[in-house]
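*Asks:* have a look at this prediction, sequence included:
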There are 2 protein chains.
Amino acid sequence: MRKLSMDELGRKSINDFKAAEKFSLVVVLENIRSAHNVGSVFRTADAFLLQAIFTTGYTAHPPHKQVTKTALGADLTVFTKHFDNANDAILNLKNDGFKVFAAEQTVNSLKLQQLKFEREEKVAIVFGNEVTGVEQETIQLCDGCIEIPQLGMKHSLNVSVAAGIVLWEFVREKISNESN
Amino acid sequence: MRKLSMDELGRKSINDFKAAEKFSLVVVLENIRSAHNVGSVFRTADAFLLQAIFTTGYTAHPPHKQVTKTALGADLTVFTKHFDNANDAILNLKNDGFKVFAAEQTVNSLKLQQLKFEREEKVAIVFGNEVTGVEQETIQLCDGCIEIPQLGMKHSLNVSVAAGIVLWEFVREKISNESN
């Protein structure tokens, strides 16, 4: 069980990444306080070939020294755009044919493990502030809410961990089909 | 789509958590440099009712001010034990009937989406240092390696994000069965 070398990992160059076909999946980051969390989501979006990260509100966004430091270069590959507020980002996505979901525990939120999407469906997911979550007004603009089942005392995953889990759930099926 | 209140989340007390039946899943953290990452894994382990977190090597471990700060209380619920090295932790787990896997990209590593485990199987997963990953000597002690498919330029998820994704993959099936 020898670890793979850098050469064996088959990593894409920046140009390879930009040219590659992406999953039709966009992340919206609303009022994320920590640049460390933003950088971490960039790494996930790079790993999972996401179409874009839209930052909104006071979310730290490139060019930004701390985001660049924690993104480890993924801020150079993943397409990103900043919007003053989540409303503008969501309207933009809906005009482009995306279904938009908030990652939030709400009345009638969909359990992550029960989601079913069509292969070609365009999906965007909004992740909110570390403490207060997605704003209630933003939730009202969404087509639904997605909830990661949480069984313990805290019911509060780190936002970049929550994003990783939700994005993996969407990407796993596509990857699974390809690799079987 | 009203957000759930704290009361509606059904959060467990510390005693509820300790009394609850856990998933037979243990995380081993080997030489994790950042207390922030350790705290974040504690939150995930709380959310997913994990049996334990074993810290090894120089991984920051409770009682530890920065871990406590980022764990947001999950260091009080999740059972944890420190070992001087991963070798001791893995021997302990194997003696207790656990299959032990390293989360690492190796020759013949198992793709996360292709894993199949028996419902009652006891599984431990080792996550390694943020830069160098799981030590080669530690990998040799494991029953296999698990790889999160990574398609971009970096091939390097944040370790707490990687842990969240791998742990979710194990827990999702059990949760899915329960909630259907």
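*Replies:* Great, that's in hand. Residues are numbered from 1 along each chain as shown, chains lettered A, B, ... in the order given.
*Asks:* with adjacent residues omitted, what lies nearest to the spatially most central residue of chain A?
*Replies:* Using C-alpha atoms, centre = their mean, the residue of chain A that lies closest to the mean C-alpha position is residue A:27, 3.5 Å off. The spatial neighbour of residue A:27 that comes closest, neighbours along the chain excluded (C-beta to C-beta, 6 or more residues apart in numbering or on different chains), is residue A:53 at 4.9 Å. Quick note: C-beta positions are derived from backbone N, CA and C, even for glycine.
*Asks:* cool, residue A:61 as well?
*Replies:* Nearest non-adjacent residue to residue A:61, counting by C-beta to C-beta, 6+ apart: residue A:55, 3.9 Å away.
*Asks:* now stretch A:28-35: buried residues?
*Replies:* A:28, A:29, A:30, A:31, A:32, A:34, A:35 (16 or more other C-beta atoms under 10 Å in any protein chain shown).
*Asks:* on contacts alone, who are the packing partners of the host helix or strand of the first one?
*Replies:* This points to residue A:28. Assigned by DSSP states H and E, residue A:28 belongs to strand A:23-30. Applying 3 or more C-beta pairs under 8 Å, 6 or more residues apart in numbering or on different chains; DSSP states H and E, one finds that strand A:23-30 makes contact with helix A:35-47, strand A:50-56, helix A:86-95, strand A:123-127, helix A:159-179.
*Asks:* now the next helix or strand after the second one: how far from the chain's centre is it?
*Replies:* Sequence-wise, the next helix or strand downstream of strand A:50-56 (DSSP H and E) is helix A:65-71. Chain-centre distance of helix A:65-71: 17 Å, with C-alpha atoms, centre = their mean, to the nearest Å.
*Asks:* helix A:65-71: which residues count as buried?
*Replies:* Taking 16+ other C-beta under 10 Å as the neighbour-count basis, helix A:65-71 is seen to contain the buried residues A:67, A:68, A:70, A:71.
*Asks:* make TSV out of the residues you listed and add pLDDT and distance to residue B:149.
*Replies:* Rendered in TSV, the data for the buried residues of helix A:65-71 read as follows (pLDDT from 0 to 100; distance: C-beta to C-beta, whole Å):
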residue	pLDDT	distance to residue B:149
A:67	93	25
A:68	91	25
A:70	90	22
A:71	89	20
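*Asks:* columns distance to residue A:100 on top of those residues, output as CSV?
*Replies:* Formatted as CSV, the buried residues of helix A:65-71 follow (distance: C-beta to C-beta, whole Å):
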residue, distance to residue A:100
A:67, 23
A:68, 28
A:70, 26
A:71, 24
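*Asks:* got the CA coordinates for the strand holding residue A:28 in PDB?
*Replies:* As requested, the backbone C-alpha atoms of strand A:23-30 are provided in PDB (Å, rounded to 0.1, in the frame of the first residue of the first chain):
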ATOM      1  CA  PHE A  23     -20.300  19.200 -12.500                       C
ATOM      2  CA  SER A  24     -23.300  21.500 -12.800                       C
ATOM      3  CA  LEU A  25     -23.000  22.400  -9.200                       C
ATOM      4  CA  VAL A  26     -22.500  25.900  -7.700                       C
ATOM      5  CA  VAL A  27     -21.700  26.800  -4.100                       C
ATOM      6  CA  VAL A  28     -23.000  30.100  -2.600                       C
ATOM      7  CA  LEU A  29     -21.300  31.300   0.500                       C
ATOM      8  CA  GLU A  30     -23.300  33.800   2.400                       C
END
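*Asks:* pairing partners for it, with directions?
*Replies:* Using DSSP bridges, the strands paired with strand A:23-30 are strand A:50-56 (parallel), strand A:123-127 (parallel).
*Asks:* what ranges of chain A fall below the confidence cut-off?
*Replies:* In the prediction, chain A carries residues with pLDDT under 70 at positions A:176-180.
*Asks:* of the strands paired with strand A:23-30, which stretch is the most buried?
*Replies:* For the strands paired with strand A:23-30, the largest average neighbour count (mean count of other C-beta atoms under 10 Å in any protein chain shown) is found in strand A:123-127, namely a mean of 25.
*Asks:* now it, how far from the chain's geometric center?
*Replies:* A distance of 6 Å separates the centroid of the chain from that of strand A:123-127, by C-alpha atoms, centre = their mean.
*Asks:* next one: stretch A:117-125
*Replies:* Mean C-alpha position of stretch A:117-125 versus that of the full chain (C-alpha atoms, centre = their mean) differs by 13 Å.
*Asks:* so how far is the first residue of that stretch from its last?
*Replies:* Distance between the boundary residues of stretch A:117-125 (C-alpha to C-alpha, to the nearest Å) amounts to 13 Å.
*Asks:* ok, back up a step: can you list contacts of the strand holding residue A:28?
*Replies:* Taking contacts as C-beta atoms under 8 Å, 6 or more residues apart in numbering or on different chains, the residues outside strand A:23-30 that touch it are A:38, A:41, A:45, A:48-57, A:59, A:86, A:89-90, A:93, A:98, A:100, A:120-129, A:134-135, A:138, A:163, A:167, A:170-171, A:174.
*Asks:* same check, this time on stretch A:66-81
*Replies:* Residues from elsewhere that reach stretch A:66-81 (C-beta under 8 Å, 6+ apart): A:12, A:14, A:17-18, A:35-36, A:38-40, A:42-43, A:45-46, A:50-55, A:60-62, A:89, B:152-154, B:156.
*Asks:* excluding chain neighbours, what is closest to residue A:45?
*Replies:* Spatially, and ignoring its direct neighbours in sequence, residue A:45 is nearest to residue A:78 (4.5 Å; C-beta to C-beta, 6+ apart).
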